[in-house]
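Undergrad: Return atomic coordinates for the entry below.
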Amino acid sequence: LAAFVNTYTAEEKLGALKLTKAVAGALDRSELEGELQFKVENADGNTPAFDETYTLGEGDFIWNAVSGTYELLIEDLPVGNYKVTEIQGTTTPENMSCTVTYTVNAGAIQTGTVTGAVEVTEDETSTVAYTNTYALLKGSIQVSKSFTEATGTLTWDNIKNKISFTIKDSTGTEIAGFPT
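TA: This is a model prediction of the structure:
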């Protein structure tokens, strides 16, 4: 008699993960290309292990002019939970602030660069949508001018409409919008 062995290998269940990135506010999206990265990794010890980093604008993400977002589709991921982390690098200039928000599968808007577990289910695409909003930091300036009357005819009422100030930035460019 010959021994017969029947081996069964379960077919791996796969899904997909879509990342989108929008940029709003005072920074142009092109300034982020090559700077922002996204790390996607297993969040629950899935086998095989998955730990990949993708870069904005370097062939990983595609610019979608219709939606105004960068998009990346990672297909054939084993089902399970994944963590997505935005790695910002040096993209926020000193004179700006950046607020990062994201949604998972069009859920509630959350603030931060790291998602909790994003579940990838069989034959479905889960979506993480990030938005970076850049705003110029605002400060204040106080200018005072004093004068000494030399002849007795110089009064504030005589000169107040003849004095003006020009506000310039560190490069010498005049900043518009200030009273003179």
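Undergrad: C-alpha from now on. contacts and neighbour counts both.
TA: Fine.
Undergrad: Now do the strands in this protein.
TA: Assigned by DSSP state E, the strands in the chain fall at 14-25, 37-42, 51-55, 62-64, 69-78, 80-87, 96-104, 110-111, 118-120, 125-136.
Undergrad: would you list those strands in TSV and tack on mean pLDDT and mean neighbour count?
TA: Putting the strands of the chain into TSV (pLDDT from 0 to 100; neighbours: other CA atoms under 10 Å) gives the following:
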stretch	mean pLDDT	mean neighbour count
strand 14-25	94	18
strand 37-42	91	19
strand 51-55	90	15
strand 62-64	91	15
strand 69-78	94	18
strand 80-87	92	19
strand 96-104	92	17
strand 110-111	94	14
strand 118-120	93	20
strand 125-136	93	19
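Undergrad: okay, those strands in JSON lines with distance to residue 164 next?
TA: Listed next are the strands of the chain as JSON lines, based on distance: least, CA to CA, whole Å:
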{"stretch": "strand 14-25", "distance to residue 164": "32"}
{"stretch": "strand 37-42", "distance to residue 164": "48"}
{"stretch": "strand 51-55", "distance to residue 164": "49"}
{"stretch": "strand 62-64", "distance to residue 164": "47"}
{"stretch": "strand 69-78", "distance to residue 164": "45"}
{"stretch": "strand 80-87", "distance to residue 164": "46"}
{"stretch": "strand 96-104", "distance to residue 164": "29"}
{"stretch": "strand 110-111", "distance to residue 164": "44"}
{"stretch": "strand 118-120", "distance to residue 164": "58"}
{"stretch": "strand 125-136", "distance to residue 164": "26"}
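Undergrad: ok, residue 146 - contacts?
TA: Residues in contact with residue 146 (CA atoms under 8 Å, 6 or more residues apart in numbering): none are found.
Undergrad: how close does it sit to residue 160?
TA: With distances taken as CA to CA, to the nearest Å, residue 146 is found 11 Å from residue 160.
Undergrad: Pairing partners for the most centrally placed residue in the chain in the sheet, please.
TA: In the chain, the centroid-proximal residue (CA atoms, centre = their mean) is residue 132; its distance is 3.0 Å. Note on residue 132: beta-bridge partners by DSSP bridges are residue 23, residue 100.
Undergrad: That one against residue 97, yeah?
TA: No - if you go by CA atoms under 8 Å, residue 132 and residue 97 don't touch, sitting 9.9 Å apart.
Undergrad: OK, contacts around residue 65?
TA: Contacts of residue 65 by CA under 8 Å, 6+ apart: none found.
Undergrad: what pLDDT does it get?
TA: Predicted confidence (pLDDT) for residue 65: 92.
Undergrad: ok, now residue 153?
TA: So, for residue 153, pLDDT stands at 68.
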